[in-house]
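Novice: for reference, the sequence and a predicted model appear below.
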Amino acid sequence: MQFFQHVTKLGPEKKLQGYIKRFRSFSSGLLIVVILAVAAKYLAQLPVLNMMGQLVLAILLGIIFRAAAGVPEKANAGIQLISKKGLRAGIILLGLRLNLHDIVQAGPKVLALAVINIGFTLITVYLICRAIKMDRRLGILTACGTAICGAAAVAAVSPQIKATDNETAVSAATVAILGTIFTIVYISAYPLLGLSESGYGIFAGATLHEVAHVIAASAPVGQQAADLAVIVKLTRVAMLAPVALGLGLWDNRRQHSKSEKNQGKKVILDREETHGKQNKLQVPWFIGGFLLMSGVNTLGILPEKATADLLVLAYLLLAMAMAGLGLGIDLKTFGRLGGKPFAAGLAGSLLLSLLGYGLIQLMGLT
């Protein structure tokens, strides 16, 4: 009886110590990713680096931090939690960038341009990835990042296809580097393209990868080009929700079918079915939040200042998640995985640019 009372008295203290230990572990990981995310934000305001954007710089800073100082083991719990929960929260808040009225006012041609470009690029880049025997998930992430909105698309699609942290980080960084290269090429080639200021803005918004790339490529040309470029780009961003939803459901179905063919034991099948159901529940929550926030912005429910502040928070959360991904990989892994995605993304980006330019000419948007 005395022993039982002794254990009962010590129980809450041990639990409290455990909570304190976990909090310290979480807070140390949180502190690291916050510092890296904030550093990426300010670095993204510098010339040249602004074409890479906060998200990609956060990944690169995470990789550099790991290579230079290493990651304390006690910080892993906090880093992993932020990489997953912060990622989803950031993508949901990112929906506040969308104003569906602007997309509707841009006209059916702009919407058609976005849909055609995305569909073509998704299929083309994925087929190229398969042709060069690249990992399927890495191929999907590279295709989505190239087609839709760079690192944000990679981050959104990654959990839906159960990609690893290495695959996510490599795909996001590769697409962003390609987007930076094409941004510089676009600015240099503008006088030779034969496009008006508005036509060039549509071209940049329809074909470049990140929102940061679109702004960097169009702003030097003029305000009209920049405004149109952002509207067209956000039309592509609006496609993120249905694409992520479709890929999540397709991957679940594919995994379930594969398990039925290759596994004969009922226990394994039951696990796969349960896993599939959990993922199907995850997708509507994630996509639903994104669409809800776009509806909030469209209806003007929040003041502009509040919306702007929440978007800053969204990018901070996404940058923290990207920093967490960067902390999880080393330079050798990046070098080993990055070659084929870069080749596939380069080919896809070039074809996307050519298609976008041709469609603008065909639709009379020059």
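Specialist: Thanks, I have it. Computed from a predicted model, the values in this text were never measured in an experiment. Numbering: from 1, shown residues only.

Novice: the nearest residue to residue 324 once chain neighbours are set aside: what's it in contact with?
Specialist: Closest residue in space to residue 324, ignoring its immediate chain neighbours: residue 83 at 3.5 Å, by CB to CB, 6 or more residues apart in numbering. C-betas here are computed from N, CA, C, even on glycine. Shown in contact with residue 83 (CB atoms under 8 Å, 6 or more residues apart in numbering): 165, 321, 324, 325, 328.

Novice: pretty sure the second one contacts residue 86?
Specialist: Yes - with contacts counted by CB atoms under 8 Å, residue 321 reaches residue 86, the gap being 4.6 Å.

Novice: give me the more crowded residue out of these two.
Specialist: residue 321 (29 against 23; other CB atoms under 10 Å).

Novice: element containing that one?
Specialist: Taking DSSP states H and E as the definition, residue 321 sits inside helix 304-327.

Novice: what residue is smack in the middle of this protein?
Specialist: Taking CA atoms, centre = their mean, the centroid of the chain lies closest to residue 152, which sits 2.1 Å from it.

Novice: quick one: contacts for that one?
Specialist: Taking CB under 8 Å, 6+ apart, one finds 55, 91, 94, 210, 211, 237, 240, 318 in contact with residue 152.

Novice: if we can go back for a sec, show me which residues of the helix or strand just after the helix holding residue 321 are buried.
Specialist: Where DSSP H and E defines the elements, the next helix or strand beyond helix 304-327 is helix 331-363. For helix 331-363, a neighbour-count test (16 or more other CB atoms under 10 Å) marks 334, 337-338, 340-349, 351-353, 355-357, 359-360, 363 as buried.

Novice: helices and strands of this structure: which one has the lowest mean pLDDT?
Specialist: Within the chain, no helix or strand scores below helix 266-299, which has a mean of 59 by mean pLDDT, DSSP states H and E.

Novice: about what we covered before: shared neighbours, residue 321 and residue 86?
Specialist: residue 33.

Novice: for the protein, what spans make up the strands?
Specialist: Assigned by DSSP state E, the strands in the chain number zero.

Novice: any regions of the protein where pLDDT drops low?
Specialist: Applying pLDDT under 70 to the chain flags the ranges 1-25, 52, 256-287, 329-331, 333-334, 337-338.

Novice: so for stretch 186-203, what gets flagged as buried?
Specialist: 186, 187, 190, 195, 198, 199, 200, 201, 202, 203.
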